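Student: Sequence and predicted structure are below.
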Amino acid sequence: MTDHQDMFAKALNGEQLAAVMAPDGPILVLAAAGTGKTRTLVYRVAHLVFSGVPPEAILLLTFTNKAAREMLDRARQLVGDGVSSLWGGTFHHMANRILRRHASLLGYAPDYTILDSDDSESLVKKAVKELKLDTETFPKAQVVLAAISHAANTGKPLREVLTARFQDMLDVNLEAMLAVGGRYAAAKLKMGAMDFDDLLVNGLRLFKEHPDVLRHYQGRFRHVLVDEFQDTNAVQSEWVHAIAATHRNLLVVGDDFQSIYSWRGADYRNIMTFKDRYTDARIFKLETNYRSTPEILEVANACIAGNPEQFQKHLRSVREKHLLPVSARIRDGDAQGRYIAEQVRRLQRAGYRPDEMAVLYRAHYHAMELQLYLTRERIPFVITSGIRFFEQAHIKDVCALLRLFQNPRDSLSFTRLLELLPGVGLRTSQKVWDKLGQSFVPQDEAQRRQVGEVLPAAARVGWKAIAQVFERGCEGTGMTPADLIEEFLEKFYKGHLQRVFENAENRLEDIQEMARFTGKYATLEAFLSEVALMTNLDAEASTVEDRASLRLSTVHQAKGLEWKVVFVLWATDGMFPQTRAITENADGEAEERRLFYVAITRAKDELFLCQPEIRRGRDGSINFCRQSRFVVEIPKGLLREVRLPYL
DNA sequence: CCCATCATGGTTTTT
DNA sequence: CCATGATGGG
């Protein structure tokens, strides 16, 4: 054994140490919530590097980029800067990194654009329009896209997915939906773009169709580590098994209890069948929980007992006994807000900082009422928002400009830019695009002039300004993306902001912040990829403001995080579990229960399950709510029942 | 014909 | 509160 073992033995418990020091070969780490999963992965990486594995021969796949960054930071503290050369990030990121080098093998230009969900939606809507389908009866773009995405992520044919999803609805035109799917795929190809799913699917296709490429990466990555393995889908798992096939040093970490992404094609059975695929796999279980009090863990254990088909694990706490979690019966949403505000104030007096507390909920709109209330009560809060920073209109406008420099066939960016001009809408922008031969080369002065000539008079002044930005950008004077953004703002966009938005100042600051942010990237392509693949979790920089604020988040976005105090909002049947999730999905209730389990296990010291009895509709209607079945299932003695007096 | 504006209806979860 | 649809104006 190497000499770092003593140091590791002091920092890790027996379960963790065994996994960290395990010899080469396939390894499955079943890590229950709060058992030091990240710590184990970080030390495993450190162990590999100490044992002489070059960092660039390690591939670390994580669920978010933030997770990868944190692990790398911590590994750096253990083994030094050298570790930075390891490849770490999400499946999408790693696939993108590989695809950029080999795109031409699959018929893509290396400068392909990555579409975000907004872009995908635009393309599908266009397809629906072009096929002249009745928009009244035809499913919404997002519904069609969900099916397309599900097909991609599970590897099933679209026809099969559509049949399964719409079998009960006779009036749905299956052939039309397939046609839309076909048109969407064609449109992406034509504009030289991949959507999120294409990155994964093409990543796998590259390996399948080009064994030489696969062999190269198989040889390069001597060790592959995967975090949150329970949330990988069929394409991701096949990709990872392929890349690890030569050295077979594949370590996966996960918890089947915390699988909450089946609607995205994730299959927790990937983790259950790992030992069938690798019969020589070593299995390590982490069951010692350092996070939560015994009382909270009892509730968590009771909750997940409702899902009998999963690996049975029992969380053991090492912490002192504290308080029973609270089951709070409240009159309505307003009283719920009041209750949470009161409790937050009380806990602050007891010494908790606001950022040590969080409110978790099933869906973003569940928290709208609470937001109003907290604002009125002047309790500062931050939301991990449903709208991604990079999907806001003003950010996308600026990105459209940059994207055209990268990919001249990017029809979405071109039409978006044109539609900023007064008097230009869908039709005109499309007409101009067609006139240009469906490509716009910023360097081409004749094209810039041609656009000006085709546009209606009202739009020409604006176009002249934008054209100047393109001209400057092509001068080869070493204009950086930040310079381009600045130029665009000065020449055109500042005026546009003020004309269109009420909060122009804020939006301007956002853009200037983004301009600074571009400086961190070596190339425009690197920046744009990052923008497309970055989640709002990743983008979040902790500010002074955060430290004084209560956190509001969906349970999904709270994955992997922890707080001393957690409030679960709307723990009522219909809201959590969400009715739609149960009715539309065979395994729906089990997944909702796992989600509830994830919510509970985020809490370290105190947990509040809030259950309003009345929900008011916008029209003033009143709905009575039952307690969540997940709360009812918990044995009475494990919760402290609080009934708020009616006010 | 095509765009802008106002009213209205209806909300899962995310790379 | 955001996206869609009807309506009026250019």
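Tutor: Looks like it came in fine.
Student: and the residue in the stretch 101-250 of chain A that DNA strand B sits nearest to, how many residues sit next to it?
Tutor: Nearest residue of the stretch 101-250 of chain A to DNA strand B: A:Phe196, at 3.7 Å (CB to the nearest atom of the strand). No exception for glycine: its C-beta is placed from N, CA and C like everyone else's. The tally of other residues near A:Phe196 (other CB atoms under 10 Å) stands at 21.
Student: Using the three-state scheme, assign the closest residue to it other than its chain neighbours.
Tutor: Excluding the flanking residues, the one nearest A:Phe196 by CB to CB, 6 or more residues apart in numbering is A:His92, at 6.1 Å. Classification of A:His92 using DSSP: H, G, I helix; E, B strand; the rest coil returns helix.
Student: residues contacting A:His92?
Tutor: Shown in contact with A:His92 (CB atoms under 8 Å, 6 or more residues apart in numbering): A:Phe196, A:Leu199, A:Leu200, A:Leu533.
Student: how about 10 Å then?
Tutor: Neighbouring residues of A:His92 by CB atoms under 10 Å, 6 or more residues apart in numbering: A:Asn65, A:Ile114, A:Phe196, A:Asp197, A:Asp198, A:Leu199, A:Leu200, A:Gly203, A:Gln236, A:Ser529, A:Ala532, A:Leu533.
Student: Distance of A:Asp118 relative to A:Gln142?
Tutor: Applying CB to CB, to the nearest Å, the value for A:Asp118 to A:Gln142 is 11 Å.
Student: just the helices in the stretch 101-250 of chain A please.
Tutor: A:117-130, A:141-154, A:158-166, A:174-190, A:196-209, A:211-220, A:234-243 (DSSP state H, counting those that start in this stretch).
Student: no, scratch that, I was asking about the stretch 351-500 of chain A
Tutor: A:368-376, A:393-406, A:411-418, A:426-435, A:445-454, A:457-473, A:481-488, A:494-500.
Student: Quick one: closest of those to DNA strand C.
Tutor: Using CB to the nearest atom of the strand, the nearest of the helices of the stretch 351-500 of chain A to DNA strand C is helix A:368-376, at 6.8 Å.
Student: May I see the buried residues of the closest one?
Tutor: A:Glu369, A:Leu370, A:Tyr373, A:Leu374 (16 or more other CB atoms under 10 Å).
Student: and the closest residue in space to A:Ala400 that isn't next to it in sequence, how many neighbours does it have?
Tutor: Once flanking residues are discounted, A:Ala400 sits nearest to A:Ser413: 3.8 Å by CB to CB, 6+ apart. Residue neighbour count, defined by other CB under 10 Å, stands at 26 for A:Ser413.
Student: What pLDDT does the model give A:Ser413?
Tutor: A:Ser413 carries a pLDDT score of 92 in this model.
Student: Ok, A:Asp197 next?
Tutor: 94.
Student: Distance check, it against DNA strand C.
Tutor: From A:Asp197 over to DNA strand C the distance is 20 Å, taken as CB to the nearest atom of the strand, to the nearest Å.
Student: Nearest the middle, which residue of chain A would you pick?
Tutor: Taking CA atoms, centre = their mean, the centroid of chain A lies closest to A:Thr535, which sits 5.2 Å from it.
Student: Now do the contacts for it.
Tutor: Taking CB under 10 Å, 6+ apart, one finds A:Phe63, A:Thr64, A:Asn65, A:Lys66, A:Thr90, A:Thr384, A:Arg388, A:Phe389, A:Phe390, A:Gln557 in contact with A:Thr535.
Student: which ones are touching the fifth one?
Tutor: Under the criterion of CB under 10 Å, 6+ apart, the contact list for A:Thr90 reads A:61-68, A:96, A:199, A:227, A:236, A:533-535, A:538.
Student: Give me the three-state assignment for A:Pro308.
Tutor: Per three-state DSSP, A:Pro308 ends up coil.
Student: What residue in the stretch 351-500 of chain A comes nearest to DNA strand B?
Tutor: A:Gly425 (2.6 Å).
Student: ok, that residue - contacts?
Tutor: Going by CB under 10 Å, 6+ apart, the list of residues near A:Gly425 reads A:Thr415, A:Leu418, A:Glu419.
Student: coming back round to it: okay, the residue nearest to the centre of chain A: pLDDT?
Tutor: So A:Thr535 comes in at 73 (pLDDT).
Student: same thing with A:Glu641?
Tutor: A:Glu641 is assigned 91 on the pLDDT scale.
Student: same deal with A:Leu647?
Tutor: Note on A:Leu647: pLDDT of 52.
Student: same thing with A:Val500?
Tutor: So, for A:Val500, pLDDT stands at 79.
Student: Count the neighbours of it for me.
Tutor: 13.
Student: Tell me if I'm right that it and A:Leu421 touch.
Tutor: No - using CB atoms under 10 Å, A:Val500 is not in contact with A:Leu421; the gap is 11.7 Å.
Student: Pull the contacting residues for the closest residue to A:Glu56 other than its chain neighbours.
Tutor: Take A:Glu56 and drop its neighbours on the chain: the residue closest to it by CB to CB, 6+ apart is A:Ser85, 4.5 Å away. In this structure, A:Ser85 makes contact with A:Pro54, A:Pro55, A:Glu56, A:Ala57, A:Ile58, judged by CB under 10 Å, 6+ apart.
Student: again, but for A:Ser237
Tutor: Contacts of A:Ser237 (CB under 10 Å, 6+ apart): A:Phe91, A:Val226, A:Phe229, A:Val252, A:Ala266, A:Asp267, A:Arg269, A:Asn270, A:Ile271, A:Thr273, A:Phe274, A:Arg277.
Student: mind redoing it with 7 Å?
Tutor: A:Asn270 (CB atoms under 7 Å, 6 or more residues apart in numbering).
Student: Next one: it relative to A:Gly265, how far apart?
Tutor: 10 Å.
Student: same check, this time on A:Arg349
Tutor: As judged by CB to CB, A:Arg349 and A:Gly265 stand 46 Å apart.
Student: These two: which is more packed in?
Tutor: Higher neighbour count among A:Arg349 and A:Gly265: A:Gly265, with 22 against 8, using other CB under 10 Å.
Student: Spatially, which residue comes closest to that one, not counting chain neighbours?
Tutor: Of all residues not flanking A:Gly265 in the chain, A:Asn153 sits nearest, at 3.0 Å (CB to CB, 6+ apart).
Student: how far away is the one you found from A:Pro139?
Tutor: If you go by CB to CB, the gap between A:Asn153 and A:Pro139 works out to 19 Å.
Student: Equivalent analysis for A:Asn301, please.
Tutor: 41 Å.
Student: Tell me if A:Phe608 really is in a strand.
Tutor: Yes - A:Phe608: assigned to a strand according to three-state DSSP.
Student: wait, doesn't it sit right on A:Ser327?
Tutor: No - if you go by CB atoms under 7 Å, A:Phe608 and A:Ser327 don't touch, sitting 8.3 Å apart.
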